[in-house]
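>>> Pasting a predicted model and its sequence here:
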Amino acid sequence: MKIIRAAALGMCFGVRDALQITNGVSEPSQVTIHGELVHNRKVNERLSKAGFRQTPEDKRHETIQTPRVLITAHGISQVERQRLADAGKEVIDTTCPLVVQVHKAALELQAEGRHILLIGKAGHVEVQGVVEDLDSFDVIESAKQVRSYPSESLGIVCQTTMPSDTVTEVCTHIQLHNPLANIRFIDTVCDPTKRRQRAMAELLQQVDAMVVVGGHNSNNTRRLVELCHEKLTPVVHVEDASELEFAWFDDVAVVGLTAGTSTLDETVDGVQQVLEKIAASQKEQGSLA
Ligand code: SF4
């Protein structure tokens, strides 16, 4: 079995920087992480062990007991920032600069009097952070949800991790359903996401199966898996090497390896090592060259 690693995969600079800031925090027991720093069980367990408190993502608006609060790379709204300031909390901010661009784009379009259409996953923390500051908006996850909007002026932005194909399809439907509207679109899908999507598309043309590494609750990892389903490529989604099953690869000649943006390098390397062991054992048995 041949193993091909995606040209761009795994942890993005935004998550890497957030982790680095977090590792440098003194007295972690005095800090509450506002939601999950990354959608990665291993990382979150390490943070708990270090003493950080972590607020579940659906309880982020509840009272925080520690004097300091760490904002994750996904960012928060100005409304939430003010709530924390009013409560006297010191903020450690690891918001990714590319998420800040989404906030800026949405507010710019709102200042032009537009109804905002955010292409993204409703309820996702990044999306919540953006829409909490908006007066008039809809969140659209897929083209099926697009309708005619009661506004002559529409502004479109995207969650940073949306697949560009979905964004294009949704934009086309918005235009079709709102032929008279003045529409302005700002593409806020981040570059690391675009590079990973392109690498994935190239990889899918070369392999007959895929391994995707990342948290089962990671949105961008699940999207990589969905992309495999769309291209009818058999795929296995694992959080780490321990979830790989040798038998799954019995008839696989070329396997591709990729990972979500919250996956640690060591986890991807661990999966690759096990795939190499599987390939070596197949060679020994003479099942595949
Ligand atoms: Fe930043 Fe993009 Fe990574 Fe999100 S996925 S943290 S926007 S680089």
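Good, I have the coordinates. Residues are numbered from 1 along each chain as shown.

>>> drop to CA atoms for contacts and neighbour counts, all remaining ones
Fine.

>>> which stretches of this structure have low pLDDT?
Low-confidence regions of the chain, defined by pLDDT under 70, span residues 287-289.

>>> can you do 80?
Along the chain, the parts satisfying pLDDT under 80 run over 39, 57-58, 60-61, 219, 286-289.

>>> Point out the residues in it that sit beside the ligand.
The chain has residues 12-15, 73, 96, 98-99, 160-161, 190, 192-193 near the ligand, with proximity defined as C-alpha under 6 Å from any ligand atom.

>>> Can you say which of those are buried?
By the neighbour-count criterion of 16 or more other C-alpha atoms under 10 Å, the residues of the chain next to the ligand include these buried positions: 12, 14-15, 73, 96, 98-99, 160-161, 190, 192-193.

>>> Output the residues you listed in a markdown table; the columns should cover secondary structure.
Output for those, formatted as a markdown table (DSSP: H, G, I helix; E, B strand; the rest coil):
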| residue | secondary structure |
| --- | --- |
| C12 | coil |
| G14 | helix |
| V15 | helix |
| A73 | coil |
| C96 | coil |
| L98 | helix |
| V99 | helix |
| T160 | coil |
| T161 | coil |
| C190 | coil |
| P192 | helix |
| T193 | helix |
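
>>> For the residue of the chain found nearest the ligand, which non-adjacent residue is spatially closest?
Distance from the ligand to each residue of the chain (C-alpha to the nearest ligand atom) is smallest for G14, at 3.8 Å. Of all residues not flanking G14 in the chain, C96 sits nearest, at 5.0 Å (C-alpha to C-alpha, 6 or more residues apart in numbering).

>>> Now for that neighbour: which residues touch it?
Residues in contact with C96 (C-alpha atoms under 8 Å, 6 or more residues apart in numbering) are 14-15, 18, 73-75.

>>> Tell me how far the spatially most central residue of the chain lies from V255.
When C-alpha atoms, centre = their mean is applied to the chain, the residue found nearest the centroid is N220 (3.8 Å). Computed with C-alpha to C-alpha, to the nearest Å, the distance linking N220 and V255 is 20 Å.

>>> In which helix or strand does the closest residue to H74 other than its chain neighbours reside?
With C-alpha to C-alpha, 6+ apart as the measure, E126 is the residue that lies nearest to H74, at 4.8 Å, once sequence neighbours are left out. Assigning secondary structure by DSSP states H and E places E126 in helix 125-131.

>>> Who are the packing partners of that helix?
helix 97-111 (3 or more C-alpha pairs under 8 Å, 6 or more residues apart in numbering; DSSP states H and E).

>>> and the helix it packs on, what does it pack onto?
For helix 97-111, the contact count by 3+ C-alpha pairs under 8 Å, 6+ apart identifies strand 115-119, helix 125-131, strand 153-158 as packing neighbours.

>>> Adding distance to E245 and mean neighbour count, write these out as TSV.
TSV is the format used below for those (distance: least, C-alpha to C-alpha, whole Å; neighbours: other C-alpha atoms under 10 Å):
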stretch	distance to E245	mean neighbour count
strand 115-119	36	25
helix 125-131	33	22
strand 153-158	37	24
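
>>> Pull the contacting residues for the residue nearest to the centre of the chain.
Taking C-alpha under 8 Å, 6+ apart as the contact definition, N220 lies against 161-162, 260-261.

>>> What is the burial count for V252?
V252: 17 surrounding residues under other C-alpha atoms under 10 Å.

>>> Output the longest helix belonging to this protein.
In the chain, ranked by residue count with DSSP state H as the criterion, the top helix is helix 265-285.

>>> coming back round to it: you'd agree the residue nearest to the centre of the chain is in a helix?
Yes - secondary structure assignment places N220 in a helix (three-state DSSP).

>>> mind checking how far it is from G88?
Where G88 is concerned, N220 sits at a distance of 34 Å (C-alpha to C-alpha).

>>> Over to S142?
Here the criterion is C-alpha to C-alpha. By it, S142 lies 40 Å from G88.

>>> Who has more neighbours out of the two?
It is S142, of S142 and G88, that has more neighbours when counted by other C-alpha under 10 Å, with 16 against 11.

>>> hang on, the earlier thing: using a markdown table, please lay out the buried ones among the residues of the chain next to the ligand together with distance to L37.
Listed next are those as a markdown table, based on distance: C-alpha to C-alpha, whole Å:
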| residue | distance to L37 |
| --- | --- |
| C12 | 13 |
| G14 | 11 |
| V15 | 8 |
| A73 | 7 |
| C96 | 12 |
| L98 | 16 |
| V99 | 14 |
| T160 | 16 |
| T161 | 16 |
| C190 | 18 |
| P192 | 18 |
| T193 | 18 |
